[in-house]
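In: please work out how this folds:
(one chain, ligands or ions: 2)
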Amino acid sequence: MKDLDELRQGIFHGQKRAIARGLTWIEQGRYEGKLLAQQLFSHAGHAHVIGITGAPGVGKSTLVNTLTLHLRNQGFKVGILAVDPSSPFTGGAILGDRIRMQDSVMDTGVFMRSLASRGHLGGLSRATFGALTLLDAAGFDKILIETVGAGQSEVEIMEMAHTTMVVLAPGMGDDIQAIKAGILEIGQVFVVNKADRDGADHTVRSIRSMLALSSEHPDWMPPIIKTVAEDGRGMEEVSQALERHHQYLIEHGLMDRYRWSQTEHVIEQAVSDLGERLIRQARLNSDWAKRVIDVGEGKIDADRVAEQIWHQSVQEE
Ligand SMILES: Nc1nc2c(ncn2[C@@H]2O[C@H](COP(=O)(O)OP(=O)(O)OP(=O)(O)O)[C@@H](O)[C@H]2O)c(=O)[nH]1
Ligand SMILES: [Mg+2]
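Out: Numbers count the residues shown, from 1 in each chain. Ligands and ions are numbered 1, 2, ... in the order given. Sure, this is the predicted structure:
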């Protein structure tokens, strides 16, 4: 496919239009998007993927913006994905994010994109995986994924990050909420944002005592950093903590292990796509109704039917 080849070349050269187009294909769940992500996969695996999660309004987008400027000053190329599983209802929030992130968007070493759930949530995590692959292959050194905390789909998305940063803010009672939602287990770096407000030290202390109780982190003790995302205070400490965690992952062979399981995931996805394709074809076949009847009457096991469908498709190829 000529289109696809051109697009791939554009992405390798970091062209924003090609990146945007590829991301749209992927987000829409199009076949070309899937092909593209598969072809780009072997060129990915270099970026440090950083998840940023936390309750609504704690300042994640502001932090992403300020951190991006900071990382740019250090010479990193930064890709940003704002993932919003509940998007049909919060189009306004996404627009807000976009506007807030304008500072970053003007720069060619930064690419920002919101991903929304078009239909089912499985589609969103798949689109996020594809988008990560694309940005990684396009040469972004740091990829930041922002998502609102705690639901199953968010946890799934945070599992795509090498380093997960949990953001809290004082006085929202979300120290307790975070603990309830099990968010402490997924964080390797903790940020108490809005440290210009009262109660930041209290939030730091409650995180610290919860972390002391948890045995989830045998080698890595997650740092807890106070920030004021609006004026950049604490951003140097945040970027240092992220860098230290990245080094930790490299030294312990965990980046390689992560890449291995991502590759396994790609294969698993292809196998499950194949299964879906087989069943779609089988349903169109003239003997489908007979198969349904036979299984219903116990004339044949469903497993045998699955094997027949598989053999049939191999013969047809
Ligand atoms: N006082 C104070 N306000 C802040 C700080 N950081 C962000 N805010 C404000 O907090 C509000 C929410 O910030 P966002 O960055 O949109 O928060 P968010 O976590 O991305 O919100 P959602 O995406 O809706 O979950 C905005 O009005 C920000 O201006 C801070 O350090 N101090
Ligand atoms: Mg936000």
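In: tell me where the stretch 201-317 of the chain has helices.
Out: Remark: helices assigned in the stretch 201-317 of the chain by DSSP state H, counting those that start in this stretch are 235-251, 254-284, 288-296, 302-316.
In: TSV for those, including mean neighbour count, distance to ligand 1 and mean pLDDT?
Out: C-beta: built from backbone N, CA, C; applies to glycine. Below are these laid out as TSV (neighbours: other C-beta atoms under 10 Å; distance: least, C-beta to the nearest ligand atom, whole Å; pLDDT from 0 to 100):
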stretch	mean neighbour count	distance to ligand 1	mean pLDDT
helix 235-251	17	11	97
helix 254-284	12	26	94
helix 288-296	13	47	97
helix 302-316	12	44	92
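In: out of those, flag the one nearest E156.
Out: Among these, the nearest to E156 by C-beta to C-beta is helix 254-284 (11.3 Å).
In: now the angle from the closest one to helix 302-316?
Out: Relative orientation of helix 254-284 versus helix 302-316 (axes from the mean of the first three to the mean of the last three C-alpha atoms, to 10 degrees): 90 degrees.
In: identify the residues contacting stretch 39-46?
Out: 4, 8, 11-12, 132-134, 136-137, 139, 141, 259, 262-263, 266 (C-beta atoms under 8 Å, 6 or more residues apart in numbering).
In: now do W310 against E317, distance only.
Out: 11 Å (C-beta to C-beta, to the nearest Å).
In: please list the residues of this protein that sit near ligand 1.
Out: Contact residues (C-beta under 6 Å from any ligand atom) of the chain with ligand 1: 56-62, 93, 148, 193-194, 196-197, 228-230.
In: ok, of these, which come out buried?
Out: For those, a burial check counting by 16 or more other C-beta atoms under 10 Å picks out 58-62, 93, 148, 193-194, 228-229.
In: and ligand 2, which of those contact it?
Out: Contacts with ligand 2 within these, counted by C-beta under 5 Å from the ion: 60-61.
In: right, and the helices of the stretch 201-317 of the chain - which one's nearest L23?
Out: Minimum separation from L23 across those (C-beta to C-beta) falls at helix 254-284, 17.9 Å.
In: and the closest one, what does it pack against?
Out: helix 31-41, helix 235-251, helix 302-316 (3 or more C-beta pairs under 8 Å, 6 or more residues apart in numbering; DSSP states H and E).
In: show me the shaky parts of the stretch 101-250 of the chain.
Out: 101-107, 117-122, 149-153, 172-182, 214-218 (pLDDT under 70).
In: look up phi and psi at V166.
Out: Main-chain torsions, V166, degrees, to the nearest 10: phi -100, psi 130.
In: for it, give its distance to ligand 1.
Out: 12 Å (C-beta to the nearest ligand atom, to the nearest Å).
In: list the contacts for that residue?
Out: With C-beta under 8 Å, 6+ apart, V166 has these contacts: 53-54, 149, 178, 183-184, 186-187, 189-191.
In: so which of those residues is the most crowded?
Out: With neighbours defined as other C-beta atoms under 10 Å, the most crowded of those is V191; it has 29 neighbours.
In: helix, strand or coil for G45?
Out: When classified by DSSP: H, G, I helix; E, B strand; the rest coil, G45 comes out as coil.
In: now it. Its backbone dihedrals?
Out: Dihedral angles (degrees, to the nearest 10) for G45: phi 110, psi 10.
In: could you do R30 as well?
Out: phi -70, psi 160.
In: what does the model give it for pLDDT?
Out: The per-residue pLDDT reported for R30 equals 87.
In: and for L71?
Out: 94.
In: do the same with E27
Out: For E27, pLDDT reads 89.
In: isn't it right next to G33, touching?
Out: Yes: here E27 reaches G33: they are 7.4 Å apart, a contact under C-beta atoms under 8 Å.
In: out of the residues of the chain next to ligand 1, which are inside strands?
Out: V148 (DSSP state E).
In: show me where the stretch 101-250 of the chain has its strands.
Out: Assigned by DSSP state E, counting those that start in this stretch, the strands in the stretch 101-250 of the chain fall at 110-116, 142-148, 163-168, 189-192, 224-226.
In: nearest to G234, of the ones you listed?
Out: Between these, strand 224-226 lies closest to G234; by C-beta to C-beta that is 5.5 Å.
In: which neighbouring elements make contact with the closest one?
Out: Helices and strands touching strand 224-226, by 3+ C-beta pairs under 8 Å, 6+ apart, are strand 189-192, helix 200-213, helix 235-251.
In: that strand: how far from the chain's middle?
Out: 23 Å (C-alpha atoms, centre = their mean, to the nearest Å).
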